[in-house]
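**Student:** next input, structure requested:
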Amino acid sequence: NSSQLSSLPLQILLYVNGVYYIFYFLATLAMIIYKSQVFSYPDDFLAPDLAVLFLMAILEVPRLYLGFKGNLTEAEAPLGLSLGLTVGSVLLCVYLLLWQTYVLWADVLLNALLLSAYALESGLKVTAIAAFVS
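**Tutor:** Got it, this is the predicted structure:
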């Protein structure tokens with residue numbers, strides 16, 4: 001008598017977040033390049049903004065992998081690690097939303113959508129972990 005505990009909504013959201021993040025990364029990178037050409041972007045601030053974006057991309061790969069793996073294998077440890085990496089991604093996203101050198105309305109829109117997806121995904125991860133533990 002085995003029951004399936006993995007979450008289909010979480011799996012779908014992880015997939016959608018993976019696809020959205022590719023768009024997010026390319027759009028944010030294009031906007032940083034645009035801002036560096038159009039505005040007087042101080043050279044000292046261009047590198048940190050790009051570093052945050054690339055660090056976020058590096059963090060996204062294991063975050064999504066562990067989320068997929070933890071959900072499909074019904075293992076709380078990988079899902080918990082993915083949840084921890086989500087916290088790091090949220091902090092980097094907040095940096096790009098509030099503290100990067102120039103914030104355009106498109107930055108606000110892209111980051112708000114990503115933060116909403118992170119919030120929904122985190123809730124589903126906590127629910128899945130609770131189901132796996134019990």
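
**Student:** buried set for the host helix or strand of Val94?
**Tutor:** For Val94, the element it lies in under DSSP states H and E is helix 76-94. The neighbour-count check on helix 76-94 (16 or more other C-beta atoms under 10 Å) flags 76, 78-83, 85-86, 89, 92-93 as buried. C-beta: built from backbone N, CA, C; applies to glycine.

**Student:** between helix 76-94 and the helix or strand following it, find me the angle.
**Tutor:** Per DSSP H and E, the first helix or strand lying C-terminal to helix 76-94 is helix 105-133. Angle of helix 105-133 versus helix 76-94, following axes from the mean of the first three to the mean of the last three C-alpha atoms, to 10 degrees, is 160 degrees.

**Student:** ok, residues contacting stretch 26-41?
**Tutor:** Contacting residues not belonging to stretch 26-41 are listed as 46, 49-50, 53, 96, 100-102, 104, 106-107, 110 [C-beta atoms under 8 Å, 6 or more residues apart in numbering].

**Student:** dump the buried residues of helix 76-94 to JSON lines, plus distance to Lys35 and pLDDT.
**Tutor:** Converted to JSON lines, the buried residues of helix 76-94 look like this (distance: C-beta to C-beta, whole Å; pLDDT from 0 to 100):
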{"residue": "Glu76", "distance to Lys35": "41", "pLDDT": "96"}
{"residue": "Pro78", "distance to Lys35": "37", "pLDDT": "98"}
{"residue": "Leu79", "distance to Lys35": "37", "pLDDT": "97"}
{"residue": "Gly80", "distance to Lys35": "37", "pLDDT": "97"}
{"residue": "Leu81", "distance to Lys35": "34", "pLDDT": "98"}
{"residue": "Ser82", "distance to Lys35": "31", "pLDDT": "98"}
{"residue": "Leu83", "distance to Lys35": "32", "pLDDT": "98"}
{"residue": "Leu85", "distance to Lys35": "28", "pLDDT": "98"}
{"residue": "Thr86", "distance to Lys35": "27", "pLDDT": "98"}
{"residue": "Ser89", "distance to Lys35": "22", "pLDDT": "98"}
{"residue": "Leu92", "distance to Lys35": "18", "pLDDT": "98"}
{"residue": "Cys93", "distance to Lys35": "17", "pLDDT": "98"}
